[in-house]
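# no sequence on this one, just coordinates:
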């Protein structure tokens, strides 16, 4: 008894390991966290924020430190006192030389004085912009627009990725439904083959009926192989989108019965202004206007304040002392020859603004068409679900009658196989309609928030 319990527990463990079902909500959350495209979009937002922080530093003083030193093999300059007119000092120099020559056997003072053999300077300068033609202020606003634009682009990226995840998810679910349809068709063909074999053995039908069923079974094997390959590729694609490692044991939720009950949606006007695509074009227009102001600002006066201080020693590092000094200054820069170039730049910005406005108007039309197309797909899929749901009932009844007629000798194998094919098509058509419905519903809700 104990051994039986252990085996049962082990079997339950194996079954649970083989049946890992991925809920749709979990797939969407994993995609938000792990999808490479969404991660790249998040990095774009972070980079735009760093650009904004860079521009912010333009408001603060710019401080630069510098140092310069050299030592020459020979002095750069030499001053000969004999050839210098220093007034009374020149007379005094000559008198001293004469006395030295008389007292010390012709010795004299050195007449050449070396200069700039050594040099050392070190200091720092701070410059505070006071007025920069509005370039710093408008540059800061432009950087803020860059953050807003990157956020909107990320919204578009995440929306498209999640749409792709849900579409792939329901594709996998639908293909698994079609796997059940093939399984059902296989069972039906096995039943038909058994009935045809009994009829052939009884001499009621010819061998052609058996061959036709066998051909249908062979065709079904090919379709099953194609379907399994489709499930495999779609499942791998889903795992790639959500950043999860693919295994053969992964599965998805199946269509629930309530999914066949369509939502009744009435739309009078599509929501376009709230779409991030239109907001991006609005930001593009504002950005061009700011670029225009920055261009104009480059031709306006630039005013700044500053201070510079440092240490200098340019005579002799060993004997002559250096000195410290601090200088305060103000400056005004007035561009005089840039108006011609700037005028053409302003015209270029005006053209860019007009182009962005035209693109926005064109985009409104395209987005309206896109919304209308999604809405039409949604309503068509709802109608198709209702039709195919009824077609399944009709196909099942048609198959039942064709089977009875064949068994009674009143029908042909061709009619029976055709009835089975119509039933399979009705089941697959219903699955396709549900995939289309779920995909269109997601897009419609995303586009009309």
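Yep, it's here. This is a predicted model, so every value here is computed, not measured.

# Which parts of the chain are helices?
Using DSSP state H, the helices of the chain run over residues 2-18, 24-34, 36-56, 88-103, 135-201, 207-242, 276-297, 339-407, 413-447.

# what's the least confident stretch among these?
Per-stretch mean pLDDT for those is lowest at helix 2-18 (a mean of 40).

# Next, give phi and psi for the closest residue to residue 36 other than its chain neighbours.
Closest residue to residue 36 apart from its sequence neighbours, by Cβ to Cβ, 6 or more residues apart in numbering: residue 243 at 7.5 Å. The way it works is simple: take the backbone N, C-alpha and C, and place the C-beta from them, glycine included. Note on residue 243: its backbone torsions stand at phi 70, psi 40 [degrees, to the nearest 10].

# What's the separation between residue 243 and residue 23?
16 Å (Cβ to Cβ, to the nearest Å).

# out of those two, which sits in the busier spot?
Using other Cβ atoms under 10 Å as the criterion, residue 243 and residue 23 rank with residue 243 on top: 15 against 11.

# got a list of what the more buried one touches?
30-31, 33-36 (Cβ atoms under 8 Å, 6 or more residues apart in numbering).

# at 10 Å what do you get?
Residue 243 makes contacts with 30-36, 38-39, as judged by Cβ atoms under 10 Å, 6 or more residues apart in numbering.

# Among those residues, which one has the most neighbours?
Counting neighbours by other Cβ under 10 Å, residue 31 leads those with 23 neighbours.

# residues in contact with that one?
Taking Cβ under 10 Å, 6+ apart, we find residue 31 in contact with 37-38, 158, 161-162, 164-166, 169, 238, 241-244.

# same deal with residue 190?
Here residue 190 is in contact with 213, 217 (criterion: Cβ under 10 Å, 6+ apart).

# Kindly report the same for residue 138.
Residue 138 neighbours (Cβ under 10 Å, 6+ apart): 55, 132, 289-297.

# that older thread, okay, the helices of the chain in a markdown table with distance to residue 76 next?
Putting those into a markdown table (distance: least, Cβ to Cβ, whole Å) gives the following:
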| stretch | distance to residue 76 |
| --- | --- |
| helix 2-18 | 86 |
| helix 24-34 | 67 |
| helix 36-56 | 42 |
| helix 88-103 | 23 |
| helix 135-201 | 42 |
| helix 207-242 | 71 |
| helix 276-297 | 44 |
| helix 339-407 | 42 |
| helix 413-447 | 75 |
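
# do you know which of the ones you listed lies nearest residue 304?
Among those, the nearest to residue 304 by Cβ to Cβ is helix 135-201 (11.2 Å).

# Let me know the angle separating the closest one from helix 276-297.
Helix 135-201 runs at 160 degrees relative to helix 276-297, counting by axes from the mean of the first three to the mean of the last three Cα atoms, to 10 degrees.

# between helix 135-201 and helix 339-407, what angle do the directions make?
Counting by the same axes, to 10 degrees, helix 135-201 lies at 10 degrees to helix 339-407.

# can you give me the offset of helix 135-201 from its chain's centre?
On the basis of Cα atoms, centre = their mean, to the nearest Å, helix 135-201 sits 20 Å off its chain's mean C-alpha point.

# ok, now stretch 366-378?
In terms of Cα atoms, centre = their mean, the centre of stretch 366-378 is set 24 Å apart from its chain centre.

# So for residue 250, which of the helices of the chain sits nearest?
Residue 250 lies closest to helix 207-242 among these, at 6.0 Å (Cβ to Cβ).

# residues near residue 192, how many?
Around residue 192 there are 25 residues (other Cβ under 10 Å).

# Enumerate every residue touching the spatially closest residue to it that is not a sequence neighbour.
Excluding the flanking residues, the one nearest residue 192 by Cβ to Cβ, 6+ apart is residue 213, at 5.5 Å. Residues near residue 213 by Cβ under 10 Å, 6+ apart: 189-197, 413, 416-417, 420.

# quick one on the thing from earlier: distance of the residue nearest to residue 36 relative to residue 37?
Distance from residue 243 to residue 37, counting by Cβ to Cβ: 11 Å.

# from the contacts of residue 138, which is closest to residue 152?
The closest of the contacts of residue 138, once distances to residue 152 are taken by Cβ to Cβ, is residue 290, at 16.8 Å.

# tell me, how many neighbours does that closest one end up with?
Neighbour tally, residue 290, other Cβ under 10 Å: 21.

# Can we start the residue count at 253 from this point?
Got it, the first residue is 253 from now on, which makes the last one we talked about residue 542.

# How about the contacts made by it?
Going by Cβ under 10 Å, 6+ apart, residue 542 touches 386, 389-397, 601.

# any idea how far it lies from residue 688?
44 Å.

# Check what pLDDT residue 506 gets.
81.

# so it makes contact with residue 428?
Yes - between residue 506 and residue 428 there is a contact under Cβ atoms under 10 Å: 6.7 Å.

# of the two, who's got more company?
residue 428 (20 against 12).

# From what I see, that one and residue 487 are in contact.
Yes - proximity of residue 428 to residue 487 meets the contact threshold set by Cβ under 10 Å, at 9.5 Å.

# ok, residue 431 - contacts?
476, 479-480, 482-483.

# ok, so of these, who is nearest residue 653?
residue 476 (27.1 Å).

# and that closest one, how many residues sit next to it?
16.
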